[in-house]
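K.L.:
Below are the sequence and a predicted model for it; my questions follow.
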Amino acid sequence: MTSLSGLIPSWPRLRHIGACYAVLCAPVALLALFVYLPVIWAFSKSLYDFEIGGEVRFVGLANYIEFFTQDPTTYVAIRNVLIFTTAAVLIRLSVPLVVAKLIISLPNERWRHFYRVLFLLPVVVSGVAVLLIWTSLIYSQNGLLNELLRALGLQRFCRTWLGDPATAMGAVIFIGFPWVGGFEVLIYYAGLAAIPETVNEAARLEGCTGVRKFLLIDIPMVMSQLKLMLVLTIIAGIQSFQNLLIVTRGGPGYATYVPGLQMYYNAFSYQRFGYACAIGVLLFFLIFGLTILNMKYFKSSEELQAST
């Protein structure tokens, strides 16, 4: 019979385990206080009609019904966020990956290091500063884009790009061109660098090089990184409103209006916190559902290798 003393951890081990749990208590408590508790609060308050310091009135599912049937901005905002998110997915899953492939294809390690640092430098620039540069120096009436058109004799195409409903959405999507974010490039570079050298050698022996190798070997081998970027891009796209708040405030009209702005304005401009909480809850379920679908149907490189 096994001795009970062998099943009970020794005192030093108990102290070690207790210390680990004690260290984890602080971040878990902060996470619960500043993340989980507000989420639970938003779920519960979405069933009420209230403003801060005012009367709280239970309305049940009325906020959700209003969002889908009575708010005239709902479907415009949903259409816009789908366009913005689709554009962001196409951009972040293609351009940085191509740049990472070009960097890793350089024969000299010193140059590879130089370009990695070069593409990472813009990360240290404030995002607000970048938005202000685009709105003030590039898209304004006398900005770089209009001055370039005038220099080319194309004055008829000059306009206030962010103030025209026909061009506002495209102008917002174009912000950040050439869309080579340092974070994305490094993620894809790490995935490409992790491809075993035996795979590259086998591809060379089979004559699979250049664009053919990139499409048939490199992309399937970085599916884990593509899956990560897809999830992060969808979440950021659906949640986003800060950049639009700074650049267009949802205008002109509702040309760049999204559910995030709809939630923000209802909470802080119209003092309809219950309705804003309901919008936040719906965005939560949308993001959660899309993430689950992505995790289930978009296989990573490890899952692809396991299935073959």
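P.N.:
Noted; the coordinates are in hand. Numbering: from 1, shown residues only.
K.L.:
contacts and neighbour counts: CA atoms only from here.
P.N.:
Noted.
K.L.:
which sections of the stretch 201-308 of the chain are below the confidence cut-off?
P.N.:
Low-confidence regions of the stretch 201-308 of the chain, defined by pLDDT under 70, span residues 298-308.
K.L.:
now swap in the stretch 1-150 of the chain and tell me
P.N.:
Segments of the stretch 1-150 of the chain classed as low confidence (criterion: pLDDT under 70) are 1-11.
K.L.:
The stretch 51-200 of the chain: strands as residue ranges?
P.N.:
Listed in chain order, the strands of the stretch 51-200 of the chain (DSSP state E, counting those that start in this stretch) span 57-58.
K.L.:
the helices in it, which residues?
P.N.:
In order along the chain, the stretch 51-200 of the chain carries the following helices (DSSP state H, counting those that start in this stretch): 62-69, 74-92, 95-104, 109-120, 127-133, 144-151, 168-174, 182-193, 197-205.
K.L.:
And for the helix or strand that the last one is followed by, what's in contact with it?
P.N.:
For helix 197-205, the following helix or strand on the C-terminal side (DSSP states H and E) is helix 210-213. Among residues not part of helix 210-213, those counted as contacts by C-alpha atoms under 8 Å, 6 or more residues apart in numbering are Ala203.
K.L.:
Put the alpha carbons of helix 210-213 into PDB.
P.N.:
What follows is helix 210-213, C-alpha atoms only, in PDB (Å, rounded to 0.1, in the frame of the first residue of the first chain):
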ATOM      1  CA  GLY A 210      10.400  32.400 -56.100                       C
ATOM      2  CA  VAL A 211       6.600  33.200 -56.100                       C
ATOM      3  CA  ARG A 212       5.700  29.500 -56.500                       C
ATOM      4  CA  LYS A 213       7.500  28.600 -53.200                       C
END
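K.L.:
what's the spacing between it and its chain's center?
P.N.:
The gap between where helix 210-213 is centred and where its chain is centred comes out at 29 Å by C-alpha atoms, centre = their mean, to the nearest Å.
K.L.:
re earlier: pipe the helices of the stretch 51-200 of the chain into a markdown table and attach distance to Val247 per row.
P.N.:
Supplementary listing: the helices of the stretch 51-200 of the chain in a markdown table, determined by distance: least, C-alpha to C-alpha, whole Å:
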| stretch | distance to Val247 |
| --- | --- |
| helix 62-69 | 25 |
| helix 74-92 | 14 |
| helix 95-104 | 24 |
| helix 109-120 | 24 |
| helix 127-133 | 7 |
| helix 144-151 | 16 |
| helix 168-174 | 8 |
| helix 182-193 | 22 |
| helix 197-205 | 45 |
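K.L.:
Where do the helices of the stretch 201-308 of the chain begin and end?
P.N.:
Per DSSP H, counting those that start in this stretch, the stretch 201-308 of the chain has helices spanning 210-213, 219-221, 223-239, 242-247, 259-268, 273-297, 301-307. These are given in chain order.
K.L.:
Dump these to a markdown table, plus mean neighbour count and distance to Gly191.
P.N.:
As requested, the helices of the stretch 201-308 of the chain are arranged in a markdown table below (neighbours: other C-alpha atoms under 10 Å; distance: least, C-alpha to C-alpha, whole Å):
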| stretch | mean neighbour count | distance to Gly191 |
| --- | --- | --- |
| helix 210-213 | 12 | 15 |
| helix 219-221 | 19 | 8 |
| helix 223-239 | 19 | 6 |
| helix 242-247 | 16 | 29 |
| helix 259-268 | 20 | 32 |
| helix 273-297 | 18 | 18 |
| helix 301-307 | 12 | 10 |
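K.L.:
Next, format those helices as JSON lines and append distance to Pro12.
P.N.:
Formatted as JSON lines, the helices of the stretch 201-308 of the chain follow (distance: least, C-alpha to C-alpha, whole Å):
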{"stretch": "helix 210-213", "distance to Pro12": "54"}
{"stretch": "helix 219-221", "distance to Pro12": "45"}
{"stretch": "helix 223-239", "distance to Pro12": "40"}
{"stretch": "helix 242-247", "distance to Pro12": "50"}
{"stretch": "helix 259-268", "distance to Pro12": "51"}
{"stretch": "helix 273-297", "distance to Pro12": "41"}
{"stretch": "helix 301-307", "distance to Pro12": "39"}
